[in-house]
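Novice: Give me a model of this one.
(chains A and B)
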2 protein chains.
Amino acid sequence: MSKEYRVAVAGATGAVGGTMLEILAERDFPIDHLRLLASERSRGKRLRFRGEEFEVEVLSEDSFAGIDFALFSAGSARSREFAPAAVASGAIVVDNSSAFRMDPDVPLVVPEVNAHALRNHRGLIANPNCSTIPVVVVLKPLHDRFRIRRVVVSTYQSVSGTGTKAIQELRDQSWAVLEGKRPVCEIYPHQIAFNCLPHIESFNPDGYTTEEMKLQNETRKIIEDDEIRVSPTCVRVPVIVGHSASVNAEFERKVSAAEAREILATAPGVEVLDDPERSVYPMAVDAEGKDATFVGRIRGDISCEMALNLWIVSDNLRKGAALNAVQICEALNRL
Amino acid sequence: MSKEYRVAVAGATGAVGGTMLEILAERDFPIDHLRLLASERSRGKRLRFRGEEFEVEVLSEDSFAGIDFALFSAGSARSREFAPAAVASGAIVVDNSSAFRMDPDVPLVVPEVNAHALRNHRGLIANPNCSTIPVVVVLKPLHDRFRIRRVVVSTYQSVSGTGTKAIQELRDQSWAVLEGKRPVCEIYPHQIAFNCLPHIESFNPDGYTTEEMKLQNETRKIIEDDEIRVSPTCVRVPVIVGHSASVNAEFERKVSAAEAREILATAPGVEVLDDPERSVYPMAVDAEGKDATFVGRIRGDISCEMALNLWIVSDNLRKGAALNAVQICEALNRL
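Specialist: Numbering: from 1, shown residues only, chains lettered A, B, ... in the order given. This next block holds a predicted model:
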């Protein structure tokens, strides 16, 4: 009999937590015992997993006794507070927050890109940001062949990246606008329905957001090349699920769209959707619910022969968060 | 008494045509006689202008007798068919279609940037594309000081750029999605509600769209520098009015965000909205109905010290189309 694991999900009632449960079930992750954890607010709430009801318990330092894998997606503050206790209890923590991502002692892993970094973990593994994961999944195989020098990225990020309340806000505001009423803004500082906000997370003094800096810092750490330069602009768009990105990647060596397409056709985790004359290209609504990172509009940069333009889309709740976390657990099981 | 003009608007029932009428009224353009022209379908329709009703006439070669200014926004085919007749009748044509933009005998004008090009017109002046105009309004003053080498642009374009039917399609599809129904696609090849389409106009064999190539070709012609390299990605987003663009501009000389902000603060037609820590940046919903081109998120490119990142937004029906056309007429009147 193959081993089964005791798994805890911290933040089980959130958008990513819910997707983690779906993915654990879909992939038949070998679970012997499941513990669902959330804040005081969700105490006693019941969630279904594989047809069975589970009661949500309050996340505490004592939640992790006997747990093998603790999947955290309850925000950075909760991760900082409780992940060390989970590790001390003997669990392996896969943390979806940004709390530990840049800690040199913590592997930051996208299994298709740097599964080898898992070998040196000390009980805590960080799951990268939802806008970074699809970009590195697509860029790594190109980097291996042509070596990336600089990436200019503009994102089109869906509201589910903010959470379930943001999904509701987009829906409510959309109704309001369609009915000619004034939309109410609670989660975002401005109307998100029928609008674009060049603002995700908070601003640093240099004018970049913390979200944008993740794209630079996490890309370098995951691809293991600190010379990669990244110029990021992160934008929230009125999409429910699915992050898109317009990526201009400049390489050390001359590159063609045909070569890139050939490499990406067999790249792990990547699906090429690139027949634009038949209106085939990646889109958020098609990526929703899928595991792959989709890439299309692959074309040589008409402004620079060492560069390519790419359009990359993935389900931010799945590959951008929950799926990648579960894949990390699966990769650990194979070690 | 200052001169008054006889003005014809071809495509008066469209989204841009309607905005042309609004702007002619708002700016008190000296109109002595107004003629509204459209296709057979709109024959007899009545539109209001300055409180008066005007009957729409069918656009024909005979529509332009006695007309001083003919503003065309009825599509390239109509412009090709009828603009020469208008010019032959003695009218000055300002054409919002792409039909004549790259014709070396036709000035392509954004008055803040290259009004001087109007001096050599032969009766026909082209109005640039809605995604090009705001970009050149912002880049020209920076080009004058630092000289642009390369621009990487990713756009976030609203459906009103396609026309009134596309606005209705976005509204109808949004209702459908919110009500859990299947959205119907007629104008766009895929769902635009709660989605992003990396597809505007049609694809060339090299994978770029005709919309994207306009950004390169028109930018070079308007700024009058064929060495400017442009790497464009044009994306349709579920926004009703207002085009946004994430622009990475690389210059010949080192440039700082502070210098750029200072130059743009006094640039004609530009309004700087750049206090991100207070959530102040340009947005489509704020730009709607305004004349300025808004720029914010002005920051030095962390991947290249010769480059800046900018977020540029304007009302695509106004400065992106109708307003610029009327401003061309005003500039001609001042010649």
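
Novice: contacting residues around the closest residue to chain B within the stretch 1-150 of chain A?
Specialist: Closest contact between the stretch 1-150 of chain A and chain B, by Cβ to the nearest Cβ, is at A:Arg150 (5.1 Å). C-betas here are computed from N, CA, C, even on glycine. A:Arg150 is in contact with A:228-231, A:249-250, B:303-304, counting by Cβ atoms under 8 Å, 6 or more residues apart in numbering or on different chains.

Novice: Identify, from those, the entry nearest to B:Thr13.
Specialist: The nearest member of the contacts of A:Arg150 to B:Thr13, counting by Cβ to Cβ, is A:Ser231 at 43.0 Å.

Novice: coming back round to it: could I get the contacts of A:Arg150 as TSV with pLDDT?
Specialist: Formatted as TSV, these follow (pLDDT from 0 to 100):
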residue	pLDDT
A:Ile228	98
A:Arg229	98
A:Val230	98
A:Ser231	98
A:Ala249	98
A:Glu250	98
B:Ser303	97
B:Cys304	96
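
Novice: shaky segments in chain A?
Specialist: A:1 (pLDDT under 70).

Novice: mind listing the helices for it?
Specialist: Assigned by DSSP state H, chain A shows helices spanning A:15-26, A:76-88, A:111-114, A:132-146, A:164-178, A:210-223, A:257-265, A:284-287, A:323-334.

Novice: what's in contact with the first one?
Specialist: Pointing back at helix A:15-26 there. Identification of contacts with helix A:15-26 by Cβ under 8 Å, 6+ apart yields A:7, A:9-12, A:29, A:31, A:34, A:36, A:38, A:47, A:49-50, A:71, A:73-74, A:96, A:160, A:163-164, A:167, A:317-318, A:321-323, A:325-326.

Novice: Look up the residues forming beta bridges with A:Val313.
Specialist: A:Val313 has the following beta-bridge partners by DSSP bridges: A:Ser244, A:Phe294.

Novice: Go ahead and confirm it touches A:Val241.
Specialist: No: with contacts counted by Cβ atoms under 8 Å, A:Val313 stays clear of A:Val241, the gap being 10.7 Å.

Novice: intersection of neighbour lists for these two?
Specialist: The contact sets of A:Val313 and A:Val241 overlap at A:284, A:287 (Cβ under 8 Å, 6+ apart).

Novice: of the two, who's got more company?
Specialist: Each of A:Val313 and A:Val241 has its neighbours counted (other Cβ atoms under 10 Å in any protein chain shown); A:Val313 has more, 29 against 22.

Novice: Next, the contact list for the more buried one, please.
Specialist: A:Val313 sits next to A:134, A:242-245, A:282-284, A:286-287, A:293-295 when contact means Cβ under 8 Å, 6+ apart.

Novice: can you rerun that using 6 Å?
Specialist: A:Val313 makes contact with A:242, A:244, A:282, A:284, A:287, A:294 under the criterion Cβ atoms under 6 Å, 6 or more residues apart in numbering or on different chains.

Novice: Dump those residues to TSV, plus neighbour count.
Specialist: Formatted as TSV, the contacts of A:Val313 follow (neighbours: other Cβ atoms under 10 Å in any protein chain shown):
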residue	neighbour count
A:Gly242	31
A:Ser244	33
A:Pro282	28
A:Ala284	27
A:Ala287	28
A:Phe294	26
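
Novice: Look up how far B:Glu81 lies from A:Arg80.
Specialist: Distance of A:Arg80 to B:Glu81, computed by Cβ to Cβ, to the nearest Å: 68 Å.

Novice: near chain B, which residues of the stretch 201-335 of chain A?
Specialist: Where the stretch 201-335 of chain A comes near chain B, counting by Cβ under 6 Å from any Cβ of the partner chain, the residues are A:203, A:207, A:229-231, A:233, A:237-240, A:244, A:246, A:248, A:276-277, A:279, A:281, A:283-285, A:297, A:299, A:301, A:303, A:309, A:311.

Novice: same thing but 7 Å
Specialist: Neighbours of chain B within the stretch 201-335 of chain A, by Cβ under 7 Å from any Cβ of the partner chain: A:203, A:206-208, A:216, A:229-231, A:233, A:235, A:237-240, A:244, A:246, A:248, A:257, A:276-277, A:279, A:281, A:283-285, A:297, A:299, A:301-304, A:309, A:311.

Novice: Buried only: go through those residues for me.
Specialist: Neighbour counting by 16 or more other Cβ atoms under 10 Å in any protein chain shown classes A:203, A:207-208, A:216, A:229-231, A:233, A:235, A:237-240, A:244, A:246, A:248, A:257, A:276, A:281, A:283-285, A:297, A:299, A:301-304, A:309, A:311 among these as buried.

Novice: bridging residues for A:Phe54?
Specialist: With DSSP bridges as the rule, A:Phe54 is bridged to A:Leu47.

Novice: mind listing what it touches?
Specialist: Contact analysis of A:Phe54 by Cβ atoms under 7 Å, 6 or more residues apart in numbering or on different chains lists A:34, A:36, A:46-47.

Novice: If any of those residues are buried, put those into a PyMOL selection.
Specialist: Of the contacts of A:Phe54, the buried ones can be selected in PyMOL as follows, counting by 16+ other Cβ under 10 Å:
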select buried, chain A and resi 34+36+47
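
Novice: from the contacts of A:Phe54, which single one is nearest A:Tyr188?
Specialist: When those are ranked by distance to A:Tyr188 (Cβ to Cβ), A:Leu47 comes first, at 27.1 Å.

Novice: Test my guess that the closest one contacts A:Val56.
Specialist: Yes: counting by Cβ atoms under 7 Å, A:Leu47 sits close enough to A:Val56 to count as a contact (6.4 Å).

Novice: where do the contact lists of the two overlap?
Specialist: Listed as contacting both A:Leu47 and A:Val56 by Cβ under 7 Å, 6+ apart are A:12, A:36.

Novice: Distance from the chain centre to stretch A:147-161, please.
Specialist: Taking Cα atoms, centre = their mean, to the nearest Å, one finds the center of stretch A:147-161 at 12 Å from the center of the full chain.

Novice: actually stretch A:80-98, sorry about that
Specialist: Counting by Cα atoms, centre = their mean, stretch A:80-98 comes out at 18 Å from the chain centroid.

Novice: Strictly from the record, what residue spans define the domains of chain A?
Specialist: Listed domain ranges for chain A are A:5-128+A:321-334, A:132-316 (source: automatic domain parsing).

Novice: Provide a list of residues in contact with A:Ala249.
Specialist: Shown in contact with A:Ala249 (Cβ under 7 Å, 6+ apart): A:139, A:142, A:148, A:151, A:307-308, A:310.

Novice: okay, those in a markdown table with neighbour count next?
Specialist: Formatted as a markdown table, the contacts of A:Ala249 follow (neighbours: other Cβ under 10 Å):
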| residue | neighbour count |
| --- | --- |
| A:Leu139 | 27 |
| A:Leu142 | 22 |
| A:Ile148 | 22 |
| A:Val151 | 25 |
| A:Ala307 | 24 |
| A:Leu308 | 25 |
| A:Leu310 | 27 |
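
Novice: Nearest to B:Pro111 among those?
Specialist: Nearest to B:Pro111 out of the contacts of A:Ala249 is A:Ala307 (Cβ to Cβ; 33.7 Å).

Novice: List the contacts of that closest one.
Specialist: Contacts of A:Ala307 (Cβ under 7 Å, 6+ apart): A:248-251, A:301.

Novice: Widest-spaced pair of these?
Specialist: Farthest apart among the contacts of A:Ala307 by Cβ to Cβ are A:Asn248 and A:Phe251. That separation is 11.0 Å.

Novice: Nothing else from me, thank you.
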